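Colleague: after the sequence you'll find the predicted model.
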Amino acid sequence: MAKGRRQGAGGRGGQPRQRAEVAPAKAELAAEEALLEAQIEAEALDEAPVQAEAVTGGTAQQYGRAIADLEAARKTYDVLAKKLQEQLDRIQSDREALNKEREALAADRAAHDETEREFADREQAQAERAADLDARADKIARQQADAEAGFLARRDEILGPVTSRIAELTSAWHE
């Protein structure tokens, strides 16, 4: 129930409840402070707040003016609340877009890591193959050297008697 009004017979103990009266000066001061805060916030957001008129007259007029000021503050609040909601919606959509970009980046990173592992595996396989080919080349070079040495020894072995026989025949012919 609104402040300043009496409750009916449904209150506690069947007794009507009364609200303590607020001093008119305090109510006016509170209304002016609330309006001032709303106006400052509206100006910070570059919004033109609803302007309240100066308070004049007696207590009834002060309460009426306080209510009008509160209504003006409420309208300013509504404008600010709408702006805030728009900003929150924009932040939420930005956050969703950022999350999608993060997911895409994570997928790209995973694909990059997989490609990097594949290249590392290929590089290792090529290094092993190069080492194997170097070992084979060394083995073939040794075998070739051994073959040449064996060939020369075999040649000397085969040609040794032939050369001595030629030398004997040549010497016999000269004699």
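Modeller: Looks like it arrived, so ask away. As the structure is a prediction and not an experimental result, all values here were calculated from the model.
Colleague: next one, pLDDT for E41 please.
Modeller: E41 carries a pLDDT value of 70.
Colleague: go on, the one 5 residues further on?
Modeller: In this model, D46 is scored at 63, pLDDT.
Colleague: any idea how far the spatially most central residue of the chain is from L152?
Modeller: In the chain, the residue lying closest to the centroid (C-alpha atoms, centre = their mean) is R102, at 5.0 Å. Using C-beta to C-beta, to the nearest Å, R102 is found at 74 Å from L152. Using the backbone N, CA and C atoms, a C-beta is placed for each residue, glycine as well.
Colleague: next one: L88
Modeller: L88 sits 94 Å away from L152, going by C-beta to C-beta.
Colleague: how far away is D113 from A120?
Modeller: When D113 is compared with A120 (using C-beta to C-beta), they lie 10 Å apart.
Colleague: just checking, what packs against the lengthiest helix in the chain?
Modeller: In the chain, with assignment by DSSP state H, the single longest helix is helix 59-174. Under the contact definition 3 or more C-beta pairs under 8 Å, 6 or more residues apart in numbering; DSSP states H and E, helix 59-174 sits against helix 24-44.
Colleague: low-scoring stretches of this protein, by residue?
Modeller: Counting by pLDDT under 70, the chain shows low-confidence ranges at 1-28, 30-31, 42, 44-58.
Colleague: one more time with 80
Modeller: Scanning the chain for pLDDT under 80 picks out the ranges 1-58, 60, 152, 156, 175.
Colleague: for stretch 88-104, the distance to its chain's centre please.
Modeller: Computed by C-alpha atoms, centre = their mean, to the nearest Å, the separation of stretch 88-104 from the middle of its chain amounts to 10 Å.
Colleague: what of stretch 93-111?
Modeller: Stretch 93-111 sits 7 Å away from the centroid of its parent chain (C-alpha atoms, centre = their mean).
Colleague: got it, and stretch 139-152?
Modeller: 65 Å.
Colleague: check contacts around A97.
Modeller: For A97, the contact set (C-beta atoms under 8 Å, 6 or more residues apart in numbering) is empty.
Colleague: and E175, how far is that from E168?
Modeller: 11 Å.
Colleague: so between the two, which is more surrounded?
Modeller: Counted by other C-beta atoms under 10 Å, E175 and E168 do not tie: E168 has more neighbours, with 10 against 5.
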